[in-house]
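Asks: 3D, please:
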Amino acid sequence: MSNDQQSGGAGESAAFSPDDPAGIAELGSPAGGRERFGWPVYAWGLWDWGSAAFNAVITTFVFSVYITSDSFGDGASSKLGWALAGAGVLVALFAPLTGQRADRSGRRGFWLGVNTLLVIVASAGMFFVQPDESYLWLGLLLLAAGNVFFEFASVNYNAMLSDVSTRATVGRVSGLGWGLGYIGGIVLLLIVYFGLISPEVGLFGVSDEDAMDVRVTMLLCALWTAIFSIPVLLTLRDGDRPARGDRTRIGVLASYKLLFASIADLWRSDRSTVWFLLASAVFRDGLAGVFTFGAVIAANVFGFTDGGVIIFGIAANVVAGLATIGFGFLDDALGAKRVIVISLVSMVIAGVVIFFLHDGGTGVFWAFGLLLCIFVGPAQSASRSYLWRLIPPGREGQVFGLYATTGRAVSFMAPAAFAGAIWLGAAITGVTDTDDAEYFGILGIIAVVLLGLTLLVTLVKPEADADARVAQK
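Replies: Next up, the predicted model:
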């Protein structure tokens, strides 16, 4: 069954097949029946659960905080920003190639496995990053490399969405994966906190001497990613997937020509969609920056302990997950664009308050940091649903491919803005140690969110026109 068809019948299939790729059997009418998700859907979603090891633990709440601690010398935070910005540039250069080959080669599972394995290797390698300034660049290199390979893996993973969903179920299947990612982050952070990085020696008996608790956490993250990546690789095998489209192999330059041709064609037919792709790429990178650097700011500016950062991370994931579900109803009632605008405006206000109250201690960050987290998930979710309303009928696959590519093409913006704002803040305040101006990084991230918001509000197509498209789908 293709992504544009609806499944029917009263039976249920849990095995992958071209006739029922998701293992979904709709009970009742296609329009109003309910669906049972088969094993392939959950196997696909478990990769999101496993990805929490890199997203929530490594990049956000543990390793990024560790690598910017005093053990690694002055200026570690700004160096982290530049390292991730460099990784973003590499993603921007090669994401079009990766995304198109995922579609054309028919070997999504193979490349998902290869890139996930490289993420696992980078994660395990962080165990060897000892708390000494001489290990700073090794840690930054591993973190940057892990980010690059994680983004490449995500391209192939997202491309598999059409293999496990139909037009009638794509939103719920995508939401399931997103929700499993949040829940997986909560579960793993709880394991890490009580088992390894609690104020006393953790349940696993690992002490904090020589940062062994953090370093063993990296091994746990590698194992977690490996275990929960296996189901999708064994279930959605490349040999079971029917060929789709032109599978001819093309080079790097040809890949970029195809990308620009797709954008030009869409620009001629529907400029509002192209404009939204640009606006959403910018503000989505700002949203990613909130989670990437939020824990670093919590630890280095507001004085959170390692354990305190993890507890905050658990609370942030709970708040973000619940808010995303709740705002889904507002999306239907008020419109997706209004939800995005409300979310981004609220985030800008909360970020500015955090900046001006940076001397207020942990209480300030608990209050306004969690307030900021409330709006991250809703903005991401509403962005996807709003684009769905804008897409000309019959071009969903092409436009969502561009949605992924454009988002990765600007993934250097938030890290560069974070690092650049710290450098500018040090120059303005006259401090010689950039760590003393680290709170200026907050403004860098907020500036990216604000830029995306500005681009969004200049979108001339009324949302009523976009909502009317629903009736055509």
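
Asks: how about stretch 418-437 as CSV, C-alpha atoms only?
Replies: C-alpha atoms of stretch 418-437 as CSV (Å, rounded to 0.1, in the frame of the first residue of the first chain):
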residue,chain,number,x,y,z
PHE,A,418,24.9,30.9,21.0
ALA,A,419,28.6,31.0,20.6
GLY,A,420,28.6,34.4,18.9
ALA,A,421,26.4,36.0,21.5
ILE,A,422,28.8,34.9,24.3
TRP,A,423,31.7,36.4,22.4
LEU,A,424,29.8,39.6,21.8
GLY,A,425,28.6,39.7,25.4
ALA,A,426,32.2,39.4,26.6
ALA,A,427,33.2,42.3,24.3
ILE,A,428,30.3,44.4,25.6
THR,A,429,30.9,43.8,29.3
GLY,A,430,34.7,43.9,29.0
VAL,A,431,35.3,40.5,30.7
THR,A,432,38.4,38.5,29.7
ASP,A,433,36.8,35.1,30.5
THR,A,434,34.0,34.3,28.1
ASP,A,435,32.5,32.0,30.7
ASP,A,436,31.5,35.2,32.7
ALA,A,437,29.4,36.3,29.7
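
Asks: can you give me the distance of the nearest residue to residue 442 once chain neighbours are set aside to residue 364?
Replies: Using C-beta to C-beta, 6 or more residues apart in numbering and skipping the chain neighbours, the partner closest in space to residue 442 is residue 355 (4.5 Å). From N, CA and C alone the C-beta is placed, and that goes for glycine too. Note on residue 355: its distance to residue 364, by C-beta to C-beta, to the nearest Å, is 10 Å.

Asks: any idea which element the most centrally placed residue in the chain lies in?
Replies: Geometric centre of the chain, nearest residue: residue 288, 6.4 Å, by C-alpha atoms, centre = their mean. Using DSSP states H and E, residue 288 sits within helix 271-300.

Asks: can you name the element that comes right after the helix or strand harbouring residue 139?
Replies: Using DSSP H and E, residue 139 maps to helix 136-159. Moving toward the C-terminus from helix 136-159, the next helix or strand (DSSP H and E) is helix 170-195.

Asks: can you name every helix or strand that that following helix contacts?
Replies: helix 39-52, helix 212-235, helix 306-334, helix 376-390 (3 or more C-beta pairs under 8 Å, 6 or more residues apart in numbering; DSSP states H and E).

Asks: tell me which other helices or strands the helix or strand following the first one touches.
Replies: Translated: helix 39-52. Following helix 39-52 in sequence order, the next helix or strand is helix 63-67 (DSSP H and E). Other elements packing on helix 63-67 under the criterion 3+ C-beta pairs under 8 Å, 6+ apart are helix 76-105, helix 136-159, helix 212-235, helix 271-300, helix 306-334.

Asks: can I get these in TSV with mean pLDDT and distance to residue 454?
Replies: Formatted as TSV, the helices and strands packed on helix 63-67 follow (pLDDT from 0 to 100; distance: least, C-beta to C-beta, whole Å):
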stretch	mean pLDDT	distance to residue 454
helix 76-105	77	21
helix 136-159	89	26
helix 212-235	95	37
helix 271-300	88	8
helix 306-334	81	21
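
Asks: distance to residue 417 added to those, as TSV?
Replies: Output for these, formatted as TSV (distance: least, C-beta to C-beta, whole Å):
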stretch	distance to residue 417
helix 76-105	8
helix 136-159	16
helix 212-235	27
helix 271-300	7
helix 306-334	21
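
Asks: out of the ones you listed, flag the one nearest residue 372.
Replies: helix 271-300 (6.4 Å; C-beta to C-beta).

Asks: and the closest one, which residues are buried?
Replies: 273-300 (16 or more other C-beta atoms under 10 Å).

Asks: what about that helix, distance to the chain center?
Replies: From the chain centre to the centre of helix 271-300 is a distance of 10 Å (C-alpha atoms, centre = their mean, to the nearest Å).

Asks: again with stretch 60-72
Replies: Put simply, stretch 60-72 sits 20 Å off its chain's centre (C-alpha atoms, centre = their mean).

Asks: ok, now stretch 303-316?
Replies: With C-alpha atoms, centre = their mean, you get 20 Å for stretch 303-316.

Asks: Three-state assignment for residue 411, please.
Replies: What DSSP: H, G, I helix; E, B strand; the rest coil gives for residue 411 is coil.
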